[in-house]
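J.: Requesting a structural model of the entry that follows:
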Amino acid sequence: MRIARRSESSGMSASTWTNWAGTASAAPDVVHRPLTAEEISAAVAAAASEGTRIRTRGSGHSFTPIAVADEHAIDLSGYTGITHVDPETNEVTVRAGTTLRALNAALDAHGLALINMGDIDKQTVAGALSTGTHGTGAALGGLATQVSALELVLADGSVVHCSASESPDLFAAARVGLGALGVISTVTLRCVPSFALAAREAPGTLADVMDRLDHDVDATDHFEFYWFPHGETVLTKHNTRLPAGTEPKPLSRLRSWVEYELIENRLFGAVCRAERAVPALVRPAQRLIAATLSERDYSDTSHRVFVTNRAVRFVESEYAIPRESLPEVLAELRQVVARLADPVAFPVEVRFAAADDVWLSTAYGRDTAYVAVHQYVGMPYREYFAAFESIAGAVGGRPHWGKLHTLDAVALRERYPRFDDFLRVRSDVDPEDRFGNAHTDRVLGSV
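T.: Residues are numbered from 1 along each chain as shown. Sure, this is the predicted structure:
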C-alpha cells in the first residue's frame, strides 16, 4: 500500500483533492492507497491508532463535501476490477474503487449489464452507491436496489459481509450509507443479460409533456425530460428496451460527435461562458437553443444510451418528491424563476423511480419524481437553489445525498421513517465516529 503524508516542513498536503464542480476540497494529513482488502483494514487501523477520522474519497462527482477527508483519506483508485461472476444468477462482485465506466466495459465482456443507471459513469461503484445514485424508470430503482451483498471494513478493522439474510440491518443501512458505516470493499450486483435501448429524443413544450406525463412515464422503460426554465421548451428522452438479439443502430460517429461533443459540450460551454460574462444573454440564448433542438432516433448498447459525456461544469441541487407532487412543484418553480435577480443558464432535469425499501434511499417507501436544478459554474445560484429547496420541502422532498442542500439531521429525520434505525446501526458499528466528517456531522448528527 502506498501512503502519502503531509509535509510538516512545508504544510503542503501529500494529495490535495478537489471535487469535479469545485465546491469542495480537502488537504488530508495522510492518504492511503490500498491495493488489497488487508491494506484497507490496515489504513483504518492506522487512523484508529492516531485517534483520527478517515474517509473514502471517490472520483469527486458529489457536489456536497460528503467525500472530504481532512485527516486520513482512503483512495481506492488502485482497488478495482471484477472478482467474481455467477453465470447462474448473473450476480457480479466488483471492487469498490472500480468506476462505473470500467464496470460497464467489464460487464460487456461477460454479456451482462446493469439494469438501470444514471447519465454519468465516472463515479466509483462505492461512491455512487453510498450517495444514492439513480437513473430513471418508473418501474425501477436506483443503484442500491441492484445490490445483493456488500463487504465492508468496519472501524475496528474487521471485514464483514452483509446481505438481506446476513446482517440484514447493516445491509439495509449500508446500501446508501454515506460512507459513515465503514469502508465498502466489494459490491455484489444483480445484473441482467446485455440489452439494447431504442432512444428517442425530441423537443416539445412543458404543457404537452405534463398533459402526457403519466402515459409517457408508465409506458416508457426510461423516461426523462429537460425543461429550459425561462420558456416553454423541453427536451424529452424516451429510452425503450429492445428484444434480445436486436441489432443496435447507433448514430454515426460523425453525427454523434457533432450533436453530443460539438453542440452539447463545446458550443453549449461557449454559450454558458458568454452568459456568465453578460447575464442578459441568458434568455435570448435559451430561445436560440430551443430553436436548434431536433429529433434523434437511434439504438445502442444500454450503457451507451444511458451515459452522456458532461464536459460543461455546473453546480446542482436535486430533490426527490412524491411523484404526484411534480405538477405543483414545477408550477411553483416556474413562478420563482420569473422573479429571480439572476437568470438560470441550465435546464431543469426531471426523472422518475419506483418506491424501494433502502433506509436512506431518496425513494424509500414512495414512487418518486426527481427534480434537479443546475447553474453554470461561476454564476449566482444560491437564491435559485434556496427557493427550489423551499418548494420541494413543502411536499416532503428529500435531497440527493451528493448534491447541494442545506438540511441537517433534525430536518432529515422528519423525511426518512428509518432515519433513527440508520443511526442505531451507525452507533453499533462505528461508536467513535471514525468515518465521519463535518458534512456527516450536519446531516446525521454526531454519534
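
J.: Please identify the buried residues of the helix or strand in which residue 284 is found?
T.: Using DSSP states H and E, residue 284 maps to helix 282-292. Within helix 282-292, the residues scored as buried using 16 or more other Cβ atoms under 10 Å are 282, 285, 286, 289, 290. (C-beta placed from N, C-alpha, C; glycine too.)

J.: Next: stretch 129-141.
T.: For stretch 129-141, by 16+ other Cβ under 10 Å, it's 129, 130, 131, 132, 133, 134, 135, 136, 137, 138, 140, 141.

J.: Three-state assignment for the last one, please.
T.: Okay, so that is residue 141. coil (DSSP: H, G, I helix; E, B strand; the rest coil).

J.: And the strands in the stretch 151-300 of the chain, which stretches?
T.: Remark: strands assigned in the stretch 151-300 of the chain by DSSP state E, counting those that start in this stretch are 159-163, 183-190, 192-193, 196-205, 222-227, 233-241, 296-301.

J.: how far is the first one from where the chain is centred?
T.: In terms of Cα atoms, centre = their mean, to the nearest Å, the centre of strand 159-163 is found 24 Å from the chain centre.

J.: next one: stretch 244-255
T.: 27 Å.

J.: Quick one: residues in contact with that stretch.
T.: For stretch 244-255, the external contacting residues (Cβ atoms under 8 Å, 6 or more residues apart in numbering) are 193, 195, 196, 242, 256, 259, 296, 298, 299, 300, 301, 304.

J.: Kindly reformat those residues as JSON lines containing neighbour count and distance to residue 387.
T.: Output for the contacts of stretch 244-255, formatted as JSON lines (neighbours: other Cβ atoms under 10 Å; distance: Cβ to Cβ, whole Å):
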{"residue": "193", "neighbour count": "10", "distance to residue 387": "45"}
{"residue": "195", "neighbour count": "18", "distance to residue 387": "40"}
{"residue": "196", "neighbour count": "23", "distance to residue 387": "41"}
{"residue": "242", "neighbour count": "17", "distance to residue 387": "41"}
{"residue": "256", "neighbour count": "16", "distance to residue 387": "37"}
{"residue": "259", "neighbour count": "14", "distance to residue 387": "33"}
{"residue": "296", "neighbour count": "16", "distance to residue 387": "33"}
{"residue": "298", "neighbour count": "18", "distance to residue 387": "37"}
{"residue": "299", "neighbour count": "21", "distance to residue 387": "39"}
{"residue": "300", "neighbour count": "18", "distance to residue 387": "38"}
{"residue": "301", "neighbour count": "16", "distance to residue 387": "40"}
{"residue": "304", "neighbour count": "19", "distance to residue 387": "36"}
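
J.: Quickly list what the nearest residue to residue 171 once chain neighbours are set aside is bridged to.
T.: With sequence-adjacent residues excluded and distances taken as Cβ to Cβ, 6 or more residues apart in numbering, residue 171 is closest to residue 162, at 4.1 Å. According to DSSP bridges, the partner residues bridging residue 162 are residue 150.

J.: Any idea which of the strands of the stretch 151-300 of the chain gets closest to residue 211?
T.: strand 196-205 (9.4 Å; Cβ to Cβ).

J.: Keeping just the C-alphas, turn stretch 36-56 into PDB.
T.: Provided in PDB are the C-alpha atoms of stretch 36-56 (Å, rounded to 0.1, in the frame of the first residue of the first chain):
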ATOM      1  CA  THR A  36      -5.900  -5.200  -1.100                       C
ATOM      2  CA  ALA A  37      -8.700  -5.700   1.400                       C
ATOM      3  CA  GLU A  38      -6.000  -6.200   4.100                       C
ATOM      4  CA  GLU A  39      -4.400  -2.900   3.300                       C
ATOM      5  CA  ILE A  40      -7.900  -1.200   3.600                       C
ATOM      6  CA  SER A  41      -8.100  -2.700   7.100                       C
ATOM      7  CA  ALA A  42      -4.500  -1.500   7.900                       C
ATOM      8  CA  ALA A  43      -5.500   2.000   6.800                       C
ATOM      9  CA  VAL A  44      -8.400   2.100   9.100                       C
ATOM     10  CA  ALA A  45      -6.300   0.700  11.900                       C
ATOM     11  CA  ALA A  46      -3.700   3.400  11.300                       C
ATOM     12  CA  ALA A  47      -6.300   6.100  11.700                       C
ATOM     13  CA  ALA A  48      -7.700   4.500  14.800                       C
ATOM     14  CA  SER A  49      -4.200   4.300  16.400                       C
ATOM     15  CA  GLU A  50      -3.800   8.100  15.900                       C
ATOM     16  CA  GLY A  51      -7.400   8.800  17.100                       C
ATOM     17  CA  THR A  52      -8.300  10.500  13.800                       C
ATOM     18  CA  ARG A  53     -11.100  10.200  11.300                       C
ATOM     19  CA  ILE A  54     -10.800   8.500   8.000                       C
ATOM     20  CA  ARG A  55     -13.000   8.900   4.900                       C
ATOM     21  CA  THR A  56     -13.000   7.200   1.500                       C
END
